[in-house]
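Undergrad: Need the 3D shape of this:
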Amino acid sequence: MDHLLYIAMSGAKENMHSVALRANNLANANTTGFRADLEQARSMQAFGEGLPTRVFAMAERPGQDFAAGPIQTTGRELDVAIAGDGWLAVESRDGSEAYTRNGSLRLSPEGLLQTNTGLNVLDDNGAPIFLPLPLEKLEINKDGTIFARLEGEPANGGEELQRIKTVLPDHADIEKGPDGLFRRKDGAAEPASAQVELLAGALEGSNVNPIAEMTHLIDLQRRFETQLKMMNHAEENDKAHAQLLRIG
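TA: Numbering: from 1, shown residues only. The predicted model follows:
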């Protein structure tokens, strides 16, 4: 009786965690450069005095889906998509170096190159990129080098400025944080890579498959309902057992 109730209860609890993960994927189906989280469940031994016979279910996030999202042409000069593998280096809210596929960039009033979420884009030296203002023309080359021409300069003027730091880490060496940004597991900064190719005037969409996520959510909901039925059966069996004891 106790075994049945414990397994059903722990399964229902962890099932809700899986629902939250899948719902977050679905909510980010239109987020630029988003990488879907994966989800799995496994049995875990309960430890402690009197508990070695108890096993409970545990939902976990084993990693992310690193498949590329669809490339969407925008024609905007500050939009960049990454062709193939690679990441853009940004400064996270806590000041650490992090990596993203979100190439929707903007210029702050001070000339800082930022993502559309307000994160500073870093150069090869790991420093925020400042551009002179006002600009008449700005281009981002496929190697990440920024070409700019100030207002008032001749049409054949302009110069190459800083280069956006692009990195090419092994997928096994990075992990996603609560803020949705990726970092090296050892906390170190990934060295810049010249092998990453940028596509100007384009953005990479989310790699979330909305239909697949909806299917997973329906399946998880059915599992949750089954676990609730098991708990109800355990309660009914417990009442029947107590009634038999009273009769005896």
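Undergrad: Confidence-wise, which helix or strand of this structure is lowest on average?
TA: strand 55-60 (a mean of 66; mean pLDDT, DSSP states H and E).
Undergrad: Can you identify the element that follows that one toward the C-terminus?
TA: strand 71-73 (DSSP states H and E).
Undergrad: Report the rounded mean pLDDT for that following strand.
TA: Across strand 71-73, the average pLDDT comes to 96.
Undergrad: just stretch 142-151 next, same as before
TA: Stretch 142-151 comes out at a mean pLDDT of 92.
Undergrad: Just the pLDDT for the closest residue to residue 169 other than its chain neighbours.
TA: Spatial nearest neighbour of residue 169, excluding adjacent residues (C-beta to C-beta, 6 or more residues apart in numbering): residue 190 at 4.8 Å. No exception for glycine: its C-beta is placed from N, CA and C like everyone else's. The model reports residue 190 with a pLDDT of 96.
Undergrad: what's the neighbour count on residue 190?
TA: Per other C-beta atoms under 10 Å, the neighbour tally for residue 190 reads 21.
Undergrad: That one contacts residue 166, doesn't it?
TA: No: Residue 190 is beyond contact range of residue 166, at 9.7 Å (criterion: C-beta atoms under 8 Å).
Undergrad: For those two, list the residues in contact with both.
TA: Taking C-beta atoms under 8 Å, 6 or more residues apart in numbering as the contact rule, residue 190 and residue 166 both touch 87, 89.
Undergrad: and the gap between residue 28 and residue 206?
TA: 6 Å (C-beta to C-beta, to the nearest Å).
Undergrad: who touches both of those two?
TA: Shared contacts of residue 28 and residue 206, counting by C-beta under 8 Å, 6+ apart, come down to 34, 36.
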